[in-house]
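S.K.: below: sequence and its predicted model.
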Amino acid sequence: QVQLVESGGGLVQAGGSLRLSCAASGRSFSRFTMGWFRQAPGKEREFVAAISWSYGSTYSSTYYTDSVKGRFTISRDNAKNTVYLQMNGLKAEDTAVYYCAAGGGSYSPGREYDYWGQGTQVTVSS
């Protein structure tokens, strides 16, 4: 069983930055593909970014939805069992609840994730 706890959300002006963190409990964190998703009011949950598992390697592949490429960066620290989402150049349309997710195996578009956090609110004022 894996528990995920997000933090770092808040209120920021357009153009500002936030860094979200997702701390994972349990073993074998480095074996999980980690993802960030978001859900805005009245909208479906959508994929934001993912980082591949990196067991036995320092390299992880990263993936982003088009709307955040060049502005958001996902990274992981396996020693701390934590995945991060650095968000720069925030826009009003980035306002949403952001969720962390973990899943065994490799990344693929639209894949299912096994574990989810409770979410953290990000609000960008214009």
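M.R.: Alright, I've got the coordinates.

S.K.: residues contacting the spatially most central residue of the chain?
M.R.: Closest residue to the average C-alpha location of the chain: residue 36 at 2.6 Å, with CA atoms, centre = their mean. For residue 36, the contacting residues are 20, 22, 48-50, 74, 83, 85, 98-101, taking CB atoms under 8 Å, 6 or more residues apart in numbering as the criterion. (Each C-beta comes from the backbone N, C-alpha and C, glycine too.)

S.K.: can you check residue 51 too?
M.R.: Applying CB under 8 Å, 6+ apart to residue 51 gives the contacts 33-35, 60-63, 74-76, 83, 107.

S.K.: low-confidence ranges in the chain?
M.R.: Counting by pLDDT under 70, the chain has low-confidence residues at 55-57.

S.K.: what segments of it are strands?
M.R.: Ranges of strands in the chain, per DSSP state E, are 4-7, 10-13, 18-24, 32-39, 46-51, 62-64, 72-77, 82-87, 96-104, 115-116, 120-125.
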